[in-house]
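In: the amino acid sequence is not available; the structure is as follows:
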């Protein structure tokens, strides 16, 4: 019986060590020449033909920090127009297709996505969000210490010379 209790409590600890991403802020911007302003801060009626940029600021509950995860918000009409006006292909990753600008719906969808993407470390979580968002550090070089950093600088300096 004691062995079972120890095993059970160690499983509980493992679950509590899981990192849970949370949405800290949502920023949606568009072309001010088209929409009359740069940033949208709430749901509003801008019609059913728009193409906007979104940034989900995602972090963890126990941290003030956040990383930016970018995505596109587009309506079916705007998508059709983009295809008609010269884009032969539009890649779907990082693209939310919506009927109207609705912060509540977009926020709810992002939170649902985040519930499915928990993990043991932040980098793995961020990479797992790639089908939905473009992580600001997606193309960054990860270094494993000062020595590796100095080697990178040395190699970069030799290439330029």
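Out: Great, that's in hand. Quick caveat: nothing in here was measured; it's all calculated off a predicted structure.
In: now the spatially most central residue of the chain: which helix or strand?
Out: Nearest to the mean C-alpha position of the chain, counting by Cα atoms, centre = their mean, stands residue 69 at 2.8 Å. Following DSSP states H and E, one finds residue 69 within strand 66-74.
In: can you check residue 140 too?
Out: Applying DSSP H and E, one finds residue 140 in no helix or strand.
In: same check, this time on residue 77
Out: If you go by DSSP H and E, residue 77 is part of helix 76-84.
In: ok, residues contacting the next helix or strand after that helix?
Out: As assigned by DSSP H and E, the chain's next helix or strand after helix 76-84 is strand 95-97. Outside strand 95-97, the residues that touch it by Cβ atoms under 8 Å, 6 or more residues apart in numbering are 54, 71, 72, 73, 74, 75, 76, 79, 106, 109. In short, each C-beta sits where N, CA and C put it, glycine included.
In: show me just the buried residues among those residues.
Out: Those of the contacts of strand 95-97 that meet the buried threshold are 54, 71, 72, 73, 74, 75, 79, 106, by 16 or more other Cβ atoms under 10 Å.
In: and of those, the nearest to residue 17?
Out: residue 71 (28.8 Å; Cβ to Cβ).
In: am I right that the closest one is in contact with residue 134?
Out: Yes - if you go by Cβ atoms under 8 Å, residue 71 and residue 134 touch, sitting 7.0 Å apart.
In: helix/strand/coil for residue 46?
Out: Here residue 46 is coil, with the state taken from DSSP: H, G, I helix; E, B strand; the rest coil.
In: what's around it, how many residues?
Out: 17 (other Cβ atoms under 10 Å).
In: is the residue nearest to the centre of the chain in a bridge, and if so with what?
Out: Note on residue 69: beta-bridge partners by DSSP bridges are residue 56, residue 135.
In: let me see the contact set for it.
Out: 55, 56, 57, 58, 126, 129, 132, 133, 134, 135, 136.
In: just the buried subset of those residues, please.
Out: Neighbour counting by 16+ other Cβ under 10 Å classes 55, 56, 57, 58, 126, 129, 132, 133, 134, 135 among these as buried.
In: okay if I get the contacts of strand 95-97 as CSV plus pLDDT and distance to residue 30?
Out: CSV is the format used below for these (pLDDT from 0 to 100; distance: Cβ to Cβ, whole Å):
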residue, pLDDT, distance to residue 30
54, 96, 10
71, 97, 14
72, 95, 11
73, 95, 9
74, 94, 11
75, 95, 12
76, 96, 17
79, 92, 15
106, 96, 14
109, 98, 19
